[in-house]
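Asks: Curious how this folds, go ahead:
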Amino acid sequence: MLKVLSAFVAALAALLIPSVAPAQLAAKPVVLIVPFAAGGNLDLIARIIAPAMMQHLGRTVVVQNKVGAGGVIGTTEVARAEPDGSTLLVSTPNAIVVTPRMMTTSYSLDSFVSAGIISSTSLALVVRSDNKRFGTFADLLAYAKANPGKVTMGNSSIGTTNHVAILVLQDVAGLDFNIITYKGSGPATIDLLGGQIEAMVDQLSSSYTHVKAGRLRALAVMSNQRDPLLPDVPGSADLGLPALDVSTIAGILAPAGTPAPVIAAINTALNKALAEENVRKELLNIGSVARPGPADAFTALLRKEDVIAARLAAAGKLKNE
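Replies: This is a model prediction of the structure:
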């Protein structure tokens, strides 16, 4: 009887959350700031979750792209925003712990509080489908070794997971690329499709549609596990580079000082959004896997990545290209 009563109370509490959560937020629209250009990984993910979060928060939720300085402009705006839950950042760990070690920023890890992880996304090394020089990853590897600094390798911006993956690839494979940084995956993809650069490391969330359409060819996945969307594309372990194990984790951050009930309300809305079948399906369609969980899960990941970033910086491997 006690177990039945406890279960009933737990279920009742869960039902009450949707009506309580919005009351914790300021009575104004919620802005999800993406610090990179439209069309990239974070932008696509933010636009998928925004409508569902709006329903569960009981507030208008809009996505705004605040581009510039490797994500610093948008990230800084959130760090300085009123800590009332109305201005949030859709980010990766790299934007918070790597970028400040590559350039001067007015924010640090302690400038934010986590509201939860959104999703994880594989990274792929892609080239134009008509690139005859690089038919396979082995082709690119051989050419890059014989021609240091000749292969133009694009990424979404300095300090991003894409950028770090290229740095790790150079390190573990003994390569030297001509790294070209952009203000988001969208502009980098345009240049890749236009032939201005030869290759690019990008999230599947923003490159998979081009791979599926036959405009781009994926040579490798930058993690040890192959991605279900690209079952025939080798992972780094398949290529004999197990140390190259990089993927992108996206999460939501609020300004430091945001009250715990507000964070709880945002996390509840995020988890409910990620539980919706259509949201999970939309994320999977762009190569991203929903990762619902507690708000502090992203905090734990940020602190882990901060240790790695500190080690890379101490070794002189984090440089503003």
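Asks: Is R303 within a helix or a strand, and which one?
Replies: In this assignment (DSSP states H and E), R303 forms part of helix 296-314.
Asks: Oh, that last question was meant for I180, not what I typed.
Replies: strand 178-181.
Asks: likewise T209?
Replies: Using DSSP H and E, T209 maps to helix 204-212.
Asks: ditto for T121
Replies: strand 112-128.
Asks: could you give the angle of the helix or strand following that strand to strand 112-128?
Replies: Going down the chain from strand 112-128, the next helix or strand is helix 137-146, by DSSP H and E. Between helix 137-146 and strand 112-128, the angle comes out at 90 degrees (axes from the mean of the first three to the mean of the last three CA atoms, to 10 degrees).
Asks: helices and strands around helix 137-146, which ones?
Replies: Counting contacts by 3 or more CB pairs under 8 Å, 6 or more residues apart in numbering; DSSP states H and E, helix 137-146 packs against strand 112-128, helix 161-173, strand 216-221. C-beta: built from backbone N, CA, C; applies to glycine.
Asks: any idea which of the ones you listed scores lowest on pLDDT?
Replies: Among those, helix 161-173 has the lowest mean pLDDT, at a mean of 89.
Asks: other SSEs contacting that helix?
Replies: Packing contacts for helix 161-173, counted by 3+ CB pairs under 8 Å, 6+ apart, involve helix 93-97, strand 112-128, helix 137-146, strand 152-155, strand 178-181, strand 199-203, strand 247-255.
Asks: got JSON lines for these, with distance to R217 and mean neighbour count too?
Replies: Shown next, in JSON lines, are the helices and strands packed on helix 161-173 (distance: least, CB to CB, whole Å; neighbours: other CB atoms under 10 Å):
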{"stretch": "helix 93-97", "distance to R217": "26", "mean neighbour count": "25"}
{"stretch": "strand 112-128", "distance to R217": "6", "mean neighbour count": "25"}
{"stretch": "helix 137-146", "distance to R217": "11", "mean neighbour count": "16"}
{"stretch": "strand 152-155", "distance to R217": "15", "mean neighbour count": "24"}
{"stretch": "strand 178-181", "distance to R217": "19", "mean neighbour count": "18"}
{"stretch": "strand 199-203", "distance to R217": "10", "mean neighbour count": "29"}
{"stretch": "strand 247-255", "distance to R217": "20", "mean neighbour count": "24"}
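Asks: got the ones you listed as TSV, with distance to A218 columns?
Replies: Output for these, formatted as TSV (distance: least, CB to CB, whole Å):
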stretch	distance to A218
helix 93-97	21
strand 112-128	4
helix 137-146	9
strand 152-155	15
strand 178-181	19
strand 199-203	9
strand 247-255	14
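Asks: quick one: T104 is in a helix?
Replies: No - assignment of T104 by DSSP: H, G, I helix; E, B strand; the rest coil gives coil, placing it outside any helix.
Asks: From G70, how far out is it?
Replies: Distance check for T104 against G70: by CB to CB, to the nearest Å, it reads 12 Å.
Asks: got it, and G235?
Replies: Note on G235: its distance to G70, by CB to CB, is 28 Å.
Asks: Which of these two has more residues huddled nearby?
Replies: Using other CB atoms under 10 Å as the criterion, G235 and G70 rank with G70 on top: 26 against 21.
Asks: Confirm that that one sits in a helix.
Replies: Yes - assessed by three-state DSSP, G70 belongs to a helix.
Asks: Local confidence estimate at it?
Replies: At G70, pLDDT is 78.
Asks: Touching, it and T181? I think so.
Replies: Yes - between G70 and T181 a contact is recorded at 7.4 Å, counting by CB atoms under 8 Å.
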